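Trainee: A predicted structure for the sequence below; I have some questions about it.
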Amino acid sequence: MAEKTLISWIGETDLRAAISDVPSDAPISSTLANFTFDRVILLCSYPETRSAPYIEWLMRQTSHTIECYQETLVTPVDYESIFQAADKHLSSLKRSNVDICILLSPGTPAMQSIWILLGKAKYSASFYRSSKEQGAEEVNIPFEISAEYTPPAIKLNSKQLTQLSNDGVISSAAFENIITQNPIIQRLKQQAEILAKREVPILIQGETGTGKELFARAIHNASSRVDKPFIAVNCGAFPSELVDSILFGHKKGAFTGASADRQGYFQQANGGTLFLDEFGELEPNVQVRLLRVLQESVITPVGATKEESVDVRIITATHRNLMQAIHDGFFREDLFYRVAVGVLLLPPLREREGDITLLAEALLMDMSKEDAALVGKEISAKAKNIILSQQWPGNIRELRSTLLRASLWSNEDAISANDIKQALFDRPHNNTSLLNRDISQGIDIQNIISDLVRHYIPKALAHSNGNKSKAADLLGLKNYQTLTNWIDKYDVK
């Protein structure tokens with residue numbers, strides 16, 4: 001059975017109870033007298049000179065384990081600072097896999113509304129309240145809500161439609177088509193707009209389905225080459241024996257079956273942009289030939305005797321870690337540095353806080369343009385909460401596919417939680433690399449720990465925009481100094 005943890009703000013009535021010694025008037029002491037919890041976490045925005053005596057008094061009144069945390073708020077009614085404090089502690093509790101119980105009564109109405117928002121939409125908490133008239137009781141909040149937090153400084157993009165997860169990106173894609181209210185994506189859009197004006201090669205990295213081609217097309221459409229061709233090529237589909245012909249073209253009679261001259265992708269993109277998707281899949285012999293073209297801007301079609309000059313801007317994209325591929329000897333370092341001048345790293349959907357439900361709604365609206373049966377269709381609050389709980393390894397493409405499947409058998413005005421559940425695929429959990437290794441052959445547990453640390457610390461730092469305190473909290477570490485010690489110990493880059 002999971003541990004029950006009560007969390008609450010300390011209110012003025014609670015503080016007065018320690019002075020007047022009338023605990024029946026105080027929500028916290030009254031609740032602890034009527035219910036049993038394994039752990040009690042109290043948040044206090046009052047000065048420690050007031051909270052410390054109260055905690056000492058409360059510990060004399062109860063046998064519960066009490067933890068108190070001082071939280072600095074802009075004001076007791078500032079929603080953003082209240083949210084940040086509450087979300088930080090609830091997130092830590094969620095990682096500990098406990099039953100979260102929230103006491104609503106103490107604090108300001110703003111604090112209570114944030115508790116309800118988080119407890120209903122993000123953390124599946126149970127709620128308690130206590131008053132002089134009703135005493136302490138568990139309460140049912142009789143409605144469902146779904147919401148993602150968005151910092152108030154980030155403005156919602158005015159356009160509601162997107163082709164972000166379509167298999168084919170619209171040719172007119174622009175930065176306005178990249179729907180987001182996430183500060184990381186907003187910054188990437190700004191960087192991409194700057195790169196669009198520069199004639200430099202660009203490398204876009206990110207997991208499959210994160211919108212790499214959408215960014216590439218937006219860059220092309222915002223550049224001086226907008227009136228020239230944009231040619232998208234999947235490098236993973238190149239047959240090795242035909243790669244020269246595919247990329248550089250061929251002359252009639254150059255080989256069996258070459259019945260006419262054919263332009264290669266470089267010639268087709270001349271003056272414009274060549275987007276090489278799945279760039280990390282190029283075979284080594286192709287990498288060599290491509291490097292020469294990028295260095296000298298000339299090609300030689302198969303069967304030709306003269307070189308041809310080409311003016312092509314290269315945008316590459318890959319889901320692979322090319323630095324690791326270089327280290328492993330699978331990718332040429334000189335080619336990497338030739339294409340990785342402007343670099344954009346697209347985060348996976350699960351790390352785009354504030355964007356998941358926004359994109360789900362936009363994608364559903366976009367699909368309604370293709371299918372009249374979907375016009376007016378919405379996503380229920382419970383369905384949104386299920387969507388928010390998923391990791392989405394296939395990212396935006398997987399989200400769109402799931403919504404499409406859910407909509408096929410949705411008979412109501414809104415897609416329900418059951419519709420989403422039926423549309424999701426059960427993914428096998430593969431823990432072989434960590435938990436199922438053959439101990440009889442011996443293992444290096446320090447290397448396993450090192451791999452985990454080097455994997456998750458950079459992710460936590462990226463998610464917290466380099467704030468070590470926030471990153472430490474995301475990783476369940478005591479403080480930023482502990483994080484720094486781990487970075488030094490495991491040589492985290």
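Mentor: The structure has been received and is ready for your questions. Just so you know, these numbers come straight off a predicted model, no measurement behind them. Numbers count the residues shown, from 1 in each chain.
Trainee: show me what contacts the closest residue to Ile100 other than its chain neighbours?
Mentor: Using C-beta to C-beta, 6 or more residues apart in numbering and skipping the chain neighbours, the partner closest in space to Ile100 is Ala125 (4.1 Å). In short, each C-beta sits where N, CA and C put it, glycine included. The contact partners of Ala125, taken as C-beta atoms under 8 Å, 6 or more residues apart in numbering, are Leu90, Ile100, Cys101, Ile102, Trp115, Leu118, Gly119.
Trainee: Which pair in the residues you listed has the greatest spatial separation?
Mentor: Cys101 and Leu118 (13.0 Å; C-beta to C-beta).
Trainee: sec struct for Ser63, please.
Mentor: Three-state assignment for Ser63 (DSSP: H, G, I helix; E, B strand; the rest coil): coil.
Trainee: if I look at it, how far off is Leu118?
Mentor: 28 Å (C-beta to C-beta, to the nearest Å).
Trainee: Ala192: neighbour count?
Mentor: Residue neighbour count, defined by other C-beta atoms under 10 Å, stands at 20 for Ala192.
Trainee: list the buried ones in whichever strand or helix holds it?
Mentor: Using DSSP states H and E, Ala192 maps to helix 183-196. Within helix 183-196, the residues scored as buried using 16 or more other C-beta atoms under 10 Å are Pro183, Ile184, Ile185, Leu188, Lys189, Ala192, Leu195, Ala196.
Trainee: So which of those is the closest to Leu346?
Mentor: Looking across the buried residues of helix 183-196 and measuring by C-beta to C-beta, the closest to Leu346 is Leu188, at 6.8 Å.
Trainee: which SS class is the closest residue to that closest one other than its chain neighbours?
Mentor: Of all residues not flanking Leu188 in the chain, Leu344 sits nearest, at 5.7 Å (C-beta to C-beta, 6+ apart). Using three-state DSSP, the three-state assignment for Leu344 comes out as strand.
Trainee: for Ile116, same thing?
Mentor: Secondary structure for Ile116, judged by three-state DSSP, is helix.
Trainee: ok, it touching Arg129?
Mentor: No: using C-beta atoms under 8 Å, Ile116 makes no contact with Arg129, being 11.2 Å away.
Trainee: beta partners of the closest residue to Glu48 other than its chain neighbours?
Mentor: Spatial nearest neighbour of Glu48, excluding adjacent residues (C-beta to C-beta, 6+ apart): Gln70 at 5.7 Å. Counting by DSSP bridges, Gln70 forms beta bridges with Cys44.
Trainee: Isn't Gln70 up against Ser51?
Mentor: Yes: at 6.9 Å, Gln70 counts as touching Ser51 under the criterion of C-beta under 8 Å.
Trainee: Determine the residues that are contacts of both of those two.
Mentor: Listed as contacting both Gln70 and Ser51 by C-beta under 8 Å, 6+ apart are Cys44.
Trainee: Could you check which of those two is surrounded by more residues?
Mentor: Ser51 (21 against 13).
Trainee: was I right about the more buried one contacting Trp57?
Mentor: No: using C-beta under 8 Å, Ser51 makes no contact with Trp57, being 10.6 Å away.
Trainee: returning to that earlier point: in contact with the residue nearest to Leu188, which residues?
Mentor: Residues counted as contacts of Leu344 (C-beta under 8 Å, 6+ apart) are Leu188, Gln191, Ala192, Leu195, Ile202, Leu203, Ile204, Gln205, Phe215.
Trainee: Just want the phi and psi numbers for the last one.
Mentor: Comment: the main-chain dihedrals of Phe215 come out as phi -60, psi -40, following degrees, to the nearest 10.
Trainee: That one: neighbour count?
Mentor: Residues within reach of Phe215, counting by other C-beta under 10 Å, total 30.
Trainee: give me every residue that touches it.
Mentor: So Phe215 contacts Ile178, Leu188, Ala192, Ile204, Leu344, Leu346 (C-beta under 8 Å, 6+ apart).
Trainee: ok, which pair from these is furthest apart?
Mentor: Maximum pairwise distance among these (C-beta to C-beta): 12.4 Å, between Ile178 and Ile204.
Trainee: Of the two, give the one with the bigger neighbour count.
Mentor: The neighbour comparison of Ile178 against Ile204 (other C-beta under 10 Å) goes to Ile204, with 27 against 21.
Trainee: For that one, list each beta-bridge partner.
Mentor: Ala317, Leu344.
Trainee: And Ala174, how far from Leu73?
Mentor: Ala174 sits 40 Å away from Leu73, taking C-beta to C-beta as the criterion.
Trainee: Just give the closest residue to Ser450, not the sequence neighbours.
Mentor: Per C-beta to C-beta, 6+ apart, closest to Ser450 is Tyr490, 5.1 Å.
Trainee: Then Pro239?
Mentor: Leaving aside its chain neighbours, Pro239 sits nearest to Ile246 (7.9 Å; criterion: C-beta to C-beta, 6+ apart).
Trainee: quick one: the helix or strand where the one you found lies to chain centroid distance?
Mentor: In the assignment (DSSP H and E), Ile246 maps to helix 243-248. The chain centre lies 37 Å from the centre of helix 243-248; the measure is C-alpha atoms, centre = their mean, to the nearest Å.
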